[in-house]
Every structure is written in C-alpha cells, then in structure tokens.
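Trainee: Here's a sequence, model it:
(chains A and B)
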Amino acid sequence: MNKVYLELVGIGKTFLDEKQGTKTCAIAQIDLQIEKGRFISFVGPSGCGKSTLLRIISGLENSFEGEVFLDGKRILEPHSEIGLVFQQYALFPWRTMCENIEMGLEIMGMRKTERRAVAKEYIRLFGMEGFERLYPCQLSGGMQQRVAIARTLVMNPKVVMMDEPFGSLDSQTRNDMQEFLMDLRQKRNDTVLFVTHNVDEAVFLSDQIVVLSKRPARILRIFEINCSKPRDRTSKEANDIRREVIGILRRERTDTSPVGC
Amino acid sequence: MERYIPLLVLLCLWQVLCSFGIVASYVLPSPIEIAAGFSDLVTVGMPPGHLLYYHILYSLYRVSVGFSVACVFGAPLGLLMGWSPRFHNLFSPIIEIVRPIPPLAWIPIAIVWLGIGIKSAAFIIFLGAFFPILLNTASGVIAINPILIDAAKTLNATQRDIFFKVLVQGSLPSIFVGMRVGMGVAWMTLVAAEFSGVKEGYGLGFMIMTARDIQRPDEILAGMIVIGIIGFSIDWLFRAWESRIRPWG
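Mentor: Now for the predicted structure:
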C-alpha cells in the first residue's frame, strides 16, 4: 500500500452573495486520501461543485473550510506543483503554441534557449510538430487542449488536475484525446485528478472513480477499477461499473429531498 | 469596382450643376475647380509662399507631440486603473468630471497658460487623445478573462508577472483601439485648434481659415479633402501596424 500523497480533510465551501444576502452551499464535507501515481476521476451531477473542488485543491480559492495537504505540506496558495488544466483551455491568445508551453518556465526565470528546448521536447511528445508558431485561435480544439496539458506538465507538477478537459470536443476527438492521455500515462505516471460528467470517459481512464452527490457535494461512493490497460471500452467489467455509476447518478438526479449543509 | 459607380455619378452630377451655372461657384466650386485649387495649394501656397507640404508637416508635428504625450500617460494610467479597483475608484471621479469638457473649450485657457504655439496646440490634442486611450486601455484590462489570470497563478506567476505577461499583453488590442480612436479625435481637434491661432503661419486648419478670409472656396474644399485623406491614411497605417504586431485573431 502506497502512502497517502494528497489528502483532503473536511473540505467545504459556501458561496456568499453579498448583494442578495444569500448563501449557497457548494461542497458539504469531503474527506479523501489519494495515493501517488493514481488516476482519480470525479463524476457527479452537473453543477455539483466538482470544478470548485479542483479550484480549492489548486489553491485558487481563498475562503473554504478544511485543509489540503500535498506530500505532507499544507496548500495555501497556487503553486506549479499542483497543475490545473482548465475546461476552456485558458491559453494565452497572444502567445504562440510554443510560447504558451514556455510560460511557466519563463516565469521560473529559465533562459530562452533552454526553455525552448524543453518546449520542443513536449511538442514532439504530444505529436504537435509543425504547429509551434501558430496562435491558439489557429489550432483545433483538440490541439488547444493538448497545448494546455503540455503547458501544465512542463512544470512537472506533483499532481495534475483536469477540469472536464474534453467537454467541448466532438466525440471522435474526445476518444483520440482519451487514448492520448492513456499513452501519456504509460510514459509519465503522473498523479491525476480528473473531473468529468462523462461516465464512459471516467471508466476508461481511471484507477478510481469518486462519485459525488448533487449540491452540496458529498462523496457517495468510490469505485476501484483494476482491469488491465489498455482498456476495452466494451468489456463486461467496464460495463458493470458504468451501469452502477449511472444508476447512482440517476437516483441522485431524481431524488428531490432537500439537503442542508 | 461596382461600389465606386455612385461616387462617380455624384461627381459628374456635381460638375454638371456647376458647369451650367445652376449652383454658383462662390458657393460650391465644381470638382474641376477644386482640383485646380488643390494644385494652387501645392504650387502657389495659401497664403502665397506657404505651400501645402509645409502645412501638412506642421499639422502632423503638432499631432504627433500631443498624441505621443497622450499615449505615454494614457496607456499606463489605464493599465493601473484596470488592474486595481482601488486606483480606479480614486481616479474615476476626476476623469468623469474632466472628460466631458470638449478639448476645444480648453483653447482659451490653454492660450492663457501656454501662449499661442506648439505647446498649447499639443495640449489641446493631448486632451482629445488622452481619454479614449485611457478608457479603452482600462476596459481592455477589465475584460481580460479572469481564467487567464488563474492559469498564470497556477504557473507560479507573481503579481508582477500577471501585470506584465497577462494584463499588458492581453489589453494590447484595446490599447490599439484606444490609440486609433484617440488619433481620430486628435486629428479633428487639431484642425479646430489651428483655427484659433498658430504662431508659425502653418497648419492645415490655419490654411483653410486663410482661404476663407480671401474668399477661395475651391481651396477651402481642397484643404478639407486633404485633411480627410490624411486622417484616413493615419487610420490605415494604424490598422496595418496593429495586424503586424498583433497577429493572433
């Protein structure tokens, strides 16, 4: 058994709307321990606070309950040790592909020739040669998301988080990107937290699936997936897990009983 | 080419109206007379000896001084206002009070303060160009998608990095819009500012006012067209420059 790498202790989040004086409870209580090198997916009804959870772990939220520990250290502010790939890619439109990937290295103060060499390496690894000088608006959605992933991985973060990274891609590109992510994991073995509303995607990619309730989010159930990789999307084992997760989510959607914080 | 047909028809009609004496040439000179007036401006000058070429240079000089000062102050101040809500809060009352005063209303006091000459002309032009640059820059910074700032933070960006690598870069398109609008206003302001007094005896505004004084409507209209063409060319240059240094869509 590996030791705990990332630990979430009593995470909760309430949004205050000062103008209207209302409170919205987004996350009720989340405790979770994650081991190094694992791929964890979070699935849950839309609007359940999955993205907020990632923002809290990344240090971008400054008011929330509970504590986040990475490798024994408490996370209080954003740091490149915790990479975050955003849903809408969040590439800098005024930077070329290469310059986007180099951004973190540039901030680190790495010399230009050096950081260009590192970026080139990632561009090759990601199969994006020939597009280095293009701007994000000139790239396809799939390519933009790969640039966003490369920009995060280039910093060698201890944890890579992805917030519905393939949500806006067409289904064919989405499948390609899933395969691409699988290949990448064989090479690098990052610790990944992956938010998705697509159960198929979660089953295909993850070692562990965390099913969250509707808002305010709690952990409903955690599935371990031990089938071999590369995975067969249509294997019986994958189908069983998928059916069960979908069942839980359906019950969650139709359940209208009020839940307090 | 189809789009130029109405213009040609209009010019022909205009010429016909004038040639048959339906419109008096001291009210509206014909296109041909205006062309002759233009050639007088180039070769004889208005007043005689003050050639068009020099009028243009003097006007451009005044605009570039005033406009440059407006850029040097407007863009950085706009960046600060967009960046810091506190700064925005502190400065916007002053700006909101000064901004609605037309630049031309400043001419009398500018002459009292700075005398007639390049200083007061540049000051008036500065006032015309400053606010569009300032406000466009500030709103450009405010419009930057906050997720880009978050993305920079997750890459270890400091406040300084965020300011220079995200806010300044991201607001460049709006700074350009501000500069184009500012230049347009500056050019319009300039000509009016030159109506009220220039020491050197040169300037396009001065030139057409002199033409009025001696009843040369052909030269007035030729001067107006020159002013329009130069304004258009400056805007065209700005757009060309913009697409050069801002190649992302």
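
Trainee: ok, which residues in chain B are in contact with chain A?
Mentor: Residues of chain B lying close to chain A (Cβ under 8 Å from any Cβ of the partner chain) are B:145, B:147-148, B:150-158, B:161, B:165-166, B:169-170, B:172, B:246-249. Every C-beta, even on glycine, is put in place using the N, C-alpha and C of the backbone.

Trainee: cutoff 10 Å now
Mentor: Proximity of chain B to chain A, by Cβ under 10 Å from any Cβ of the partner chain, involves residues B:145-158, B:160-162, B:165-166, B:168-173, B:246-249.

Trainee: mind listing what B:Phe126 touches?
Mentor: When contacts are counted by Cβ atoms under 10 Å, 6 or more residues apart in numbering or on different chains, B:Phe126 touches B:65-74, B:103, B:106, B:110, B:182, B:186, B:189.

Trainee: Using the three-state scheme, assign A:Ser63.
Mentor: With DSSP: H, G, I helix; E, B strand; the rest coil as the basis, the three-state label of A:Ser63 is coil.

Trainee: Could you double-check that it lies in contact with A:Lys13?
Mentor: Yes - assessed by Cβ atoms under 10 Å, A:Ser63 is found in contact with A:Lys13 at 8.0 Å.

Trainee: Which one's more surrounded, these two?
Mentor: For A:Ser63 versus A:Lys13, neighbours defined as other Cβ atoms under 10 Å in any protein chain shown are more numerous around A:Lys13 (23 against 9).

Trainee: That one is in what secondary structure piece?
Mentor: Using DSSP states H and E, A:Lys13 maps to strand A:4-17.

Trainee: What are the buried residues along that strand?
Mentor: Buried residues in strand A:4-17, counted by 16 or more other Cβ atoms under 10 Å in any protein chain shown: A:Tyr5, A:Leu6, A:Glu7, A:Leu8, A:Ile11, A:Gly12, A:Lys13.

Trainee: now swap in stretch B:228-247 and tell me
Mentor: Applying 16+ other Cβ under 10 Å to stretch B:228-247 flags B:Ile230, B:Gly231, B:Ile234, B:Phe238, B:Glu242, B:Arg246 as buried.

Trainee: Per-residue confidence at A:Pro258, what does it come out as?
Mentor: Predicted confidence (pLDDT) for A:Pro258: 61.

Trainee: oh, I was asking about B:Ile107
Mentor: As predicted, B:Ile107 sits at a pLDDT of 89.

Trainee: secondary structure element for it?
Mentor: For B:Ile107, the host element (DSSP H and E) is helix B:107-114.

Trainee: I'd like the distance from the longest helix seen in chain B to the chain centre, please.
Mentor: Identified as the longest helix of chain B according to DSSP state H is helix B:52-83. Centroid separation between helix B:52-83 and its chain, computed with Cα atoms, centre = their mean, to the nearest Å, is 9 Å.

Trainee: How about B:Gly201: what's its closest non-neighbour residue?
Mentor: Once flanking residues are discounted, B:Gly201 sits nearest to B:His50: 6.2 Å by Cβ to Cβ, 6 or more residues apart in numbering or on different chains.

Trainee: Among the contacts of B:Phe126, which one lies nearest to chain A?
Mentor: Nearest to chain A out of these is B:Cys71 (Cβ to the nearest Cβ; 19.5 Å).

Trainee: shouldn't that closest one be in contact with B:Arg180?
Mentor: No - in this structure B:Cys71 lies outside contact range of B:Arg180 using Cβ under 10 Å: 11.7 Å.

Trainee: Find the residues that touch each one of those two.
Mentor: Going by Cβ under 10 Å, 6+ apart, residues that sit against B:Cys71 and also against B:Arg180 are B:Ile133.

Trainee: doesn't B:Gly182 make contact with B:Phe131?
Mentor: Yes - counting by Cβ under 10 Å, B:Phe131 touches B:Gly182, with 7.9 Å between them.

Trainee: Which residues lie in contact with B:Met46 in this structure?
Mentor: B:Met46 neighbours (Cβ under 10 Å, 6+ apart): B:37, B:40, B:52, B:55, B:206-211, B:213-214, B:216, B:219-220, B:222-223.

Trainee: before we move on, back to that, got the buried residues of stretch B:228-247 as JSON lines, with pLDDT columns?
Mentor: Shown next, in JSON lines, are these (pLDDT from 0 to 100):
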{"residue": "B:Ile230", "pLDDT": "94"}
{"residue": "B:Gly231", "pLDDT": "93"}
{"residue": "B:Ile234", "pLDDT": "94"}
{"residue": "B:Phe238", "pLDDT": "90"}
{"residue": "B:Glu242", "pLDDT": "85"}
{"residue": "B:Arg246", "pLDDT": "77"}
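
Trainee: so which of the residues you listed would you say is closest to chain A?
Mentor: Chain A has its nearest neighbour among these in B:Arg246, at 7.3 Å by Cβ to the nearest Cβ.

Trainee: wait, the residue nearest to B:Gly201 sits on B:Glu219?
Mentor: No - between B:His50 and B:Glu219 there is no contact, the gap being 11.7 Å when judged by Cβ under 10 Å.

Trainee: which neighbours do these two share?
Mentor: Contact with both B:His50 and B:Glu219 is made by residues B:Leu41, B:Val44, B:Met207, B:Thr210, according to Cβ under 10 Å, 6+ apart.

Trainee: where's the last one, which helix or strand?
Mentor: Assigned by DSSP H and E, B:Thr210 belongs to helix B:204-213.

Trainee: Next, the buried residues of that helix.
Mentor: Neighbour counts over helix B:204-213 (16+ other Cβ under 10 Å) mark B:Leu204, B:Gly205, B:Phe206, B:Met207, B:Ile208, B:Met209, B:Thr210, B:Ala211 as buried.
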